[in-house]
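S.K.: Generate a structure from the sequence data that follows.
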Amino acid sequence: MEPVARGLVQQFPAIPAWRSGLAILHADLGRENEAREEFDLLAEDDFAAFPRDGNWPISMALLAEVCAFLGDSERAAQLYEHLRPWERLCITVGIATVCYGATSRLIGRLAATMDRWGDAERHFEDALERNTKMGALAWTAWTQQD
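M.R.: Numbers count the residues shown, from 1 in each chain. Have a look, this model is predicted:
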(Lines give C-alpha, C1' and ligand atoms only; values in the text may rest on other atoms or scores of the structure.)
Protein backbone atom coordinates (compact mmCIF):
# COMPACT_ATOMS: atom_id res chain seq x y z
CA MET A 1 0.00 0.00 0.00
CA GLU A 2 2.93 2.34 0.49
CA PRO A 3 3.47 3.07 -3.23
CA VAL A 4 -0.23 3.83 -3.59
CA ALA A 5 -0.23 6.13 -0.55
CA ARG A 6 2.89 7.96 -1.74
CA GLY A 7 1.37 8.29 -5.20
CA LEU A 8 -1.81 9.84 -3.81
CA VAL A 9 0.24 12.31 -1.74
CA GLN A 10 2.19 13.31 -4.83
CA GLN A 11 -0.81 13.40 -7.16
CA PHE A 12 -3.03 15.40 -4.77
CA PRO A 13 -0.73 17.61 -2.68
CA ALA A 14 -3.59 20.01 -1.87
CA ILE A 15 -5.49 17.24 -0.03
CA PRO A 16 -3.70 16.70 3.30
CA ALA A 17 -5.90 13.70 4.09
CA TRP A 18 -3.73 11.56 1.82
CA ARG A 19 -0.63 12.49 3.83
CA SER A 20 -2.41 11.49 7.05
CA GLY A 21 -2.97 8.10 5.42
CA LEU A 22 0.74 7.84 4.70
CA ALA A 23 1.54 8.84 8.29
CA ILE A 24 -0.66 6.06 9.74
CA LEU A 25 0.85 3.57 7.32
CA HIS A 26 4.31 4.41 8.66
CA ALA A 27 3.05 4.17 12.24
CA ASP A 28 1.39 0.81 11.60
CA LEU A 29 4.67 -0.46 10.18
CA GLY A 30 6.57 0.82 13.24
CA ARG A 31 8.49 3.41 11.25
CA GLU A 32 8.75 6.10 13.89
CA ASN A 33 11.01 8.50 11.96
CA GLU A 34 8.87 8.45 8.82
CA ALA A 35 5.64 8.74 10.82
CA ARG A 36 7.11 11.69 12.74
CA GLU A 37 8.18 13.41 9.52
CA GLU A 38 4.68 13.23 8.03
CA PHE A 39 3.00 14.06 11.33
CA ASP A 40 5.16 17.14 11.92
CA LEU A 41 4.27 18.50 8.48
CA LEU A 42 0.57 18.04 9.11
CA ALA A 43 0.60 19.37 12.68
CA GLU A 44 1.97 22.80 11.73
CA ASP A 45 -0.13 25.70 13.01
CA ASP A 46 -2.44 23.42 15.00
CA PHE A 47 -3.32 21.27 11.96
CA ALA A 48 -4.41 24.33 9.97
CA ALA A 49 -3.77 22.61 6.62
CA PHE A 50 -6.97 20.58 7.07
CA PRO A 51 -10.13 22.18 5.74
CA ARG A 52 -13.30 21.29 7.64
CA ASP A 53 -14.57 19.11 4.83
CA GLY A 54 -15.59 15.47 4.49
CA ASN A 55 -11.97 14.36 4.89
CA TRP A 56 -11.45 16.19 8.18
CA PRO A 57 -12.92 13.57 10.59
CA ILE A 58 -10.96 10.61 9.24
CA SER A 59 -7.82 12.71 8.92
CA MET A 60 -8.06 13.71 12.58
CA ALA A 61 -8.75 10.09 13.52
CA LEU A 62 -5.68 8.84 11.72
CA LEU A 63 -3.56 11.63 13.15
CA ALA A 64 -4.78 10.81 16.66
CA GLU A 65 -3.54 7.25 16.13
CA VAL A 66 -0.18 8.51 14.84
CA CYS A 67 0.10 10.98 17.71
CA ALA A 68 -0.47 8.21 20.26
CA PHE A 69 2.07 6.00 18.48
CA LEU A 70 4.62 8.83 18.69
CA GLY A 71 3.77 9.69 22.30
CA ASP A 72 3.48 13.37 21.37
CA SER A 73 1.69 14.83 24.39
CA GLU A 74 1.82 18.45 23.17
CA ARG A 75 0.01 17.69 19.95
CA ALA A 76 -2.22 15.18 21.70
CA ALA A 77 -3.65 18.16 23.60
CA GLN A 78 -4.36 19.96 20.33
CA LEU A 79 -6.02 16.96 18.71
CA TYR A 80 -7.95 16.26 21.91
CA GLU A 81 -9.54 19.71 21.71
CA HIS A 82 -10.31 19.28 18.01
CA LEU A 83 -12.04 15.93 18.56
CA ARG A 84 -13.84 16.64 21.86
CA PRO A 85 -16.95 18.13 20.20
CA TRP A 86 -17.42 14.79 18.39
CA GLU A 87 -16.75 12.50 21.33
CA ARG A 88 -20.27 11.06 21.38
CA LEU A 89 -20.24 10.31 17.65
CA CYS A 90 -18.58 7.85 15.30
CA ILE A 91 -16.20 8.69 12.51
CA THR A 92 -17.21 7.50 9.08
CA VAL A 93 -15.58 7.76 5.69
CA GLY A 94 -17.73 8.78 2.77
CA ILE A 95 -21.45 8.29 3.22
CA ALA A 96 -20.93 5.66 5.90
CA THR A 97 -18.78 3.60 3.52
CA VAL A 98 -16.43 2.76 6.38
CA CYS A 99 -16.96 3.26 10.10
CA TYR A 100 -13.89 4.07 12.20
CA GLY A 101 -15.71 3.42 15.46
CA ALA A 102 -16.49 5.64 18.41
CA THR A 103 -14.56 8.90 18.46
CA SER A 104 -14.25 8.56 22.23
CA ARG A 105 -11.71 5.74 21.71
CA LEU A 106 -9.40 8.15 19.90
CA ILE A 107 -9.95 10.82 22.53
CA GLY A 108 -9.09 8.20 25.14
CA ARG A 109 -5.84 7.41 23.36
CA LEU A 110 -4.98 11.10 23.28
CA ALA A 111 -5.80 11.48 27.00
CA ALA A 112 -3.56 8.49 27.74
CA THR A 113 -0.78 10.06 25.66
CA MET A 114 -1.06 13.11 27.93
CA ASP A 115 -1.02 10.88 31.06
CA ARG A 116 -4.56 11.96 31.91
CA TRP A 117 -5.54 8.51 33.10
CA GLY A 118 -8.95 9.34 34.61
CA ASP A 119 -10.07 11.04 31.40
CA ALA A 120 -8.65 8.19 29.33
CA GLU A 121 -10.57 5.62 31.35
CA ARG A 122 -13.82 7.56 30.99
CA HIS A 123 -13.39 7.92 27.22
CA PHE A 124 -12.46 4.27 26.78
CA GLU A 125 -15.48 3.14 28.80
CA ASP A 126 -17.72 5.30 26.61
CA ALA A 127 -16.11 3.92 23.45
CA LEU A 128 -16.48 0.37 24.69
CA GLU A 129 -20.19 0.93 25.33
CA ARG A 130 -20.79 2.62 21.96
CA ASN A 131 -18.79 0.15 19.88
CA THR A 132 -20.46 -2.79 21.63
CA LYS A 133 -23.96 -1.35 21.06
CA MET A 134 -23.19 -0.88 17.36
CA GLY A 135 -21.98 -4.44 17.07
CA ALA A 136 -18.62 -3.09 15.90
CA LEU A 137 -16.61 -6.10 17.01
CA ALA A 138 -13.27 -4.93 15.62
CA TRP A 139 -13.59 -1.48 17.24
CA THR A 140 -14.72 -3.06 20.50
CA ALA A 141 -11.58 -5.21 20.45
CA TRP A 142 -9.34 -2.20 19.64
CA THR A 143 -10.95 -0.30 22.52
CA GLN A 144 -10.32 -3.20 24.88
CA GLN A 145 -6.69 -3.32 23.75
CA ASP A 146 -6.29 0.43 24.26
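
S.K.: From what I see, Phe39 and Ala64 are in contact.
M.R.: No - applying C-beta atoms under 8 Å, one finds Phe39 not in contact with Ala64, separated by 10.7 Å. For glycine as for every other residue, the C-beta is placed from the backbone atoms N, C-alpha and C.

S.K.: Looking only at neighbour counts, state which of the two leads.
M.R.: Neighbours per residue, other C-beta atoms under 10 Å: of Phe39 and Ala64, the larger number sits with Ala64, 27 against 23.

S.K.: residue contacts, that one?
M.R.: Going by C-beta atoms under 8 Å, 6 or more residues apart in numbering, Ala64 touches 76, 79, 83, 106-107, 109-110.

S.K.: What is the burial count for the nearest residue to it once chain neighbours are set aside?
M.R.: Leaving out its chain neighbours, the residue that sits closest to Ala64 by C-beta to C-beta, 6 or more residues apart in numbering is Leu106, at 4.2 Å. Residue crowding around Leu106 was assessed by other C-beta under 10 Å; the count is 28.

S.K.: Leu106 reaches Leu63, doesn't it?
M.R.: No - using C-beta under 8 Å, Leu106 is not in contact with Leu63, being 9.3 Å away.

S.K.: now the helix or strand Leu83 falls within: how far from the chain's centre is it?
M.R.: Here Leu83 sits within helix 73-83, counting by DSSP states H and E. Put simply, helix 73-83 sits 11 Å off its chain's centre (C-alpha atoms, centre = their mean, to the nearest Å).

S.K.: same for it, what does it pack against?
M.R.: In terms of contacts (3 or more C-beta pairs under 8 Å, 6 or more residues apart in numbering; DSSP states H and E), helix 73-83 is packed against helix 32-47, helix 56-70, helix 103-113.

S.K.: Same list (those) but as a markdown table, adding mean pLDDT and distance to Ala120.
M.R.: Below are the helices and strands packed on helix 73-83 laid out as a markdown table (pLDDT from 0 to 100; distance: least, C-beta to C-beta, whole Å):
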| stretch | mean pLDDT | distance to Ala120 |
| --- | --- | --- |
| helix 32-47 | 96 | 20 |
| helix 56-70 | 97 | 10 |
| helix 103-113 | 98 | 4 |
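
S.K.: Cheers, nothing more for now.
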